[in-house]
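# Just to be clear, the model below is a prediction. Sequence and coordinates:
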Amino acid sequence: MSGILASMIDGLLVGSVYGLAAMGLSLIWGVMNVINLTHGAMIALGMFGMYLLFGLVTTNAYLLLLPVIAAGLVLGIVVYWMAVHWVIGRSELMSLLSTFAVNMMVIGIGTTLFSTSPYNVNFSLPGITIGAYTFTGNHIAAAVSAVVIALALQLFLYRTRPGKAIRAVADNREAAELMGISSTAVLTIAFGIGIALATASGALVSTMFPFTILSGGAYELKSFVVTVLAGLGKPAGALLAGVLLGLLEGALTPFIAVSWIPLIEFGLFVVVLVALPHGIFGRATA
Amino acid sequence: MILRRPFFWLVLLASALFVFIPLRSNNVLLREDLILVAVAIILASNLNLMIGYTGYVNFGNIIFFGLGGYVGLYLATVRGWNLMLAAVVAGVAVSLFALLFGLAILRLRGAYFALATIGVLEAVQAFVSNFNPWGRATGMYVSFSAYQPLGGAMRALWITYYLIIAVMALSLILSLAIKNSKFGLGLFAIREDEDAAVVLGVNATVYKAIIYSVSAFLPAIAGTLMFYKNGMIDPSIAFELTLSIEAIVMLMLGGQGTVMGAALGGGLYETLRSYLLTSPKLSSFHLVIAGGLLLLVVLFAPGGLIGWLYRLAPRARKVIE
Amino acid sequence: MHFENIFLPRWIVKQVTLLAFVLVLLASVGFCQQPITIGFTVSKTGALNVDSLEQYRGFELWRDQVNAAGGIKASGKSYKVQFASYDDESNSKRVQQLYTRMILEDKADFLFSPYSSGLTATAAVVTEQYGKIMLTTGAAEGKTYTLGNHYLFQMFAPAPEYLKVALDALKAKDPKATVAFVYEDAAFSVAVVTPAKAYAQQQGFNVVFSEAYAPNTTDFSAILDKVIASKATVMLGGGHYADGSTLGRQLYARKAALKMITLLVAPDSEKWVELGDAGVGVCVPSQWEPQVTAKPQFGPTVAQFDKDYRAKFNAEPSYESAGGYAAGLILQHAIEKAGGIDAAKVAEALNATDATTFYGRTQFATAPNEHGLQVGHSMVLAQWHKDKSGKPVKQVVWPLASKSANLAYPIR
């Protein structure tokens, strides 16, 4: 098996987890025009949530995703009422700062509790070996879980009543309110789901890579890139864009030093933002 | 005329105090604290030109400081230039860089612009981390002998301190001058309603690019001086996203859009951070306290300290700008 | 009937008298005792957290033992040791502010360096300026010492020594090995790998791959795919604990068919055992291992240090901890020789130091263009083996004169 193919498969697997993380960011942006700067901290909490749960009940780590998601939902609702609700509709600076303030507090408490040493979830599934290359079971399981969660979200948004209400509010909040949809309830739920997605992706990352309380920051930046590629506010596109980004990384790394990858990614990010503000998939839902 | 504004004289007085108090008592400890305060004020007040005056949230503002440090340190240590010349050239170079990037990304508005500035910051950091002449991720070191032209490390640090204070004074005067100019009025118009401003004849594209570039100049000079004093520079300290955001926090704390707000916010925030960090009891809570404070300001006093003062005593506007 | 027995039994009277006597004695000793303050920053948070804390434990153990023995004695005075330390957040931004504070406000007489070459370079600007002696531990990169300092003294053998031991060991086993370098793009590891690459080629190895990764990397998939594609049989590199331990895990999970893996710093940490089987077989260039016995001229023996450290922290000492303790010991020795805490005299004593302690030999370069560089200390190569009960243990495998086990080659 050639190195480039192996590298692209690796990219694909990790990319779907990037995509899942970005979905949370994108959903919140789409519904309430808030760039959620607690995203990284929430990803980190997802990591530690998985770590602590796995310490309590040693089972298949991927089964623990459900309690992590549930906790994320509750946490999201708390954060919404603490910092977001009051700044909805005000200038974007206010929501950026209020979410960043929560981010600082979470990181601060997390640092006190866990210091900044690296942690690992010691769970591993058997991998698949092809030639000299081995794809670890955890990467495969994480990618599959990410896709399953993304599909579940899609079903929720398009097939259920609350899901449809979220989409209606995202499209036009005033019209939705006239139709009798309580926008406050919808915003609360949407923010909760956005955070749940972030914690879920954090939990998945924790099964693949070591993490510290500060690790979320790097994934938050990745999420920005993916979200912008997909077009801000399009959660469905985010998963696809994440996978594409992963594939691109995988295809490039055999030819250039790994340290150049961020330059290419963020360069692409700025170019897409300026040239294609609705993302690489066009303005379908803009 | 700016000379008739009482605030102008206040700035000069404050800067003079910054110079004379540590000098008279030869209090190096105070100097080390004040230099960080001065840098915070420089960053916050130049950022204010973008956020407070023009209404554009620049999340990547630290890039000017970091790039200025790199260009200046490269010229001063590798090329052996005079420090002050190196600093000014770094300022000009970074301003030109900002002008170029500004013309591209200032087409974006609101949150899109804010995101783009994060992208530029990360891209530049990645570039510098791979750039051989600047020492890649390892960065550049200043040799002890590089302080000799200024009379040894001891004197060199005092001289950089004075220069930083001068840059701080210039930053505040620049903010004041722009606030009281026609150019400044144009910026305020863009902040309030960009489309309306364009209709009224403000060339928004040019105005925005100019102010973006101007807001890069003094932080870049400060970057050269600070990293020269620091003795080394590497990409992780030169382009730390957190520092960018801290500058925004300072501005919010003091009150965006006012000169005094930027200064006060920068000073208070830095003093608080370094107190919390060195206090044995509170050091593990410094982020929680700073974050909680920020949240309170955003939710309950979005005008910051100066906004609160203006509401309390409206006539203060005349003196405290 | 004795009256005194009614009020106080005689043995109590005796004990109390004795106690009072001891207290008076202690107090009088206390009066001619002066505290001596040593300042340093610790990375309590941030990327260097694990490595820095192990070094700090070394400092602590030394301080407690010195103070328990009545302090450092010089010219009839005895100095109790106290520390002034702050968290530098693994970030050089505040290092100068904190070192200035320690010198001026906490009146530190001597300084230890922060952990890592980068932070040390920043701190050195301040300490040199005040003419304060700084013993650098956990700062192997050599550039700082060529910048014209007077008061820096390096405890670790400098960077070019690290991979030399690994390559020498490899040469003896398999001179035809193909070598890949994968290392952190940071001051220390770059300073280690750059000369190592040249040395590998000089020794006739085929260097098939070499790439640096960003310091905060956690996903090594891409770079490891490249190592595998390069068909290298040996991998050398790493950087600090966080990235090195990750690299070790991912190499194992990906079943990379390497015959030898040598990583910097990380495998020496006591936390390395957490890697389980992934950690076994990995080599680490080490400044100190308990298996290497040196006859100390002063201070504890290797066995004594090892025992005391375990007793105090319930953990195995790493070379970072040994280096920390040794820094204290060497400073103490120099103060005793100088007969006081005058910086110039102590610096002179340090310049003249050529001593063997439990940590091995210590000698500093005195030429102005490389003052303070460690020239006496030599390194060993350690490898993680399994003992009979299947527990991972670290064995010294090179040089042959100090070895406690044979190099396992290939690993699996």
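Thanks, I have it.
# CA only for contacts and neighbour counts going forward, please
Noted.
# Tell me how many other residues crowd B:Gly261.
Neighbourhood size, B:Gly261 [other CA atoms under 10 Å in any protein chain shown]: 29.
# surely it meets B:Val249?
No - look at B:Gly261 against B:Val249 with CA atoms under 8 Å: they stay out of range, at 11.4 Å.
# what residues does the host helix or strand of C:Ala169 touch?
Secondary-structure assignment from DSSP states H and E places C:Ala169 in helix C:161-173. With CA atoms under 8 Å, 6 or more residues apart in numbering or on different chains as the test, helix C:161-173 has contacts from C:177, C:192-193, C:196, C:199-200, C:203, C:236, C:262, C:264, C:285-286, C:378-381, C:397-399, C:409.
# near chain A too, which of those residues?
Near chain A, judged by CA under 8 Å from any CA of the partner chain, there are no entries from those.
# re the thing from before, can you give me the offset of the helix or strand following the helix holding C:Ala169 from its chain's centre?
Toward the C-terminal end, the helix or strand that comes next after helix C:161-173 (DSSP H and E) is strand C:178-184. Put simply, strand C:178-184 sits 24 Å off its chain's centre (CA atoms, centre = their mean, to the nearest Å).
# ok and strand C:178-184 relative to helix C:161-173, angle-wise?
Put simply, strand C:178-184 runs at 160 degrees to helix C:161-173, going by axes from the mean of the first three to the mean of the last three CA atoms, to 10 degrees.
# Please identify which residue in chain A comes closest to chain C.
Residue of chain A nearest chain C, by CA to the nearest CA: A:Thr134 (4.8 Å).
# pretty sure C:Thr362 belongs to a strand, no?
Yes - assessed by DSSP: H, G, I helix; E, B strand; the rest coil, C:Thr362 belongs to a strand.
# Does it touch C:Leu350 like I think?
No - C:Thr362 lies out of contact with C:Leu350 (CA under 8 Å); the separation is 9.9 Å.
# Which of those two has more residues huddled nearby?
Between C:Thr362 and C:Leu350, counted using other CA under 10 Å, C:Leu350 has the larger neighbour count: 27 against 23.
# sorry, back to before: next, the buried residues of the helix holding C:Ala169.
By 16 or more other CA atoms under 10 Å in any protein chain shown, the buried positions in helix C:161-173 come out as C:161-171.
# do the helix or strand where B:Phe65 lies and chain A meet?
Secondary structure here is read from DSSP H and E; on that basis B:Phe65 sits in helix B:62-73. No - using CA under 8 Å from any CA, we find that helix B:62-73 stays clear of chain A, coming within 14.4 Å at best.
# tell me which parts of the stretch 101-250 of chain B are close to chain A?
B:104-105, B:107-108, B:110-112, B:115-116, B:119-120, B:122-127, B:129-130, B:249.
# Please pick the buried ones from the residues you listed.
Buried positions within these, assessed by neighbour count (16+ other CA under 10 Å), are B:105, B:108, B:111-112, B:115-116, B:119-120, B:122-127, B:129-130, B:249.
# now the helix or strand that comes right after the helix holding B:Phe65: how far from the chain's centre is it?
Using DSSP H and E, the helix or strand that follows helix B:62-73 in sequence is helix B:83-105. Relative to its parent chain, helix B:83-105 has a centroid offset of 14 Å by CA atoms, centre = their mean.
# helix or strand right after helix B:83-105?
helix B:110-129.
# can you state the direction angle for that next one and helix B:83-105?
If you take the same axes, to 10 degrees, helix B:110-129 sits at 130 degrees to helix B:83-105.
# pLDDT averaged over helix B:110-129, what's the number?
Mean pLDDT, helix B:110-129: 88.
# Just want to check the distance between the residue nearest to A:Thr253 when sequence neighbours are not counted and chain B.
Counting by CA to CA, 6 or more residues apart in numbering or on different chains, A:Thr253 lies nearest to C:Ala222, which is 6.3 Å off, once chain neighbours are set aside. In this view, C:Ala222 and chain B are 17 Å apart by CA to the nearest CA, to the nearest Å.
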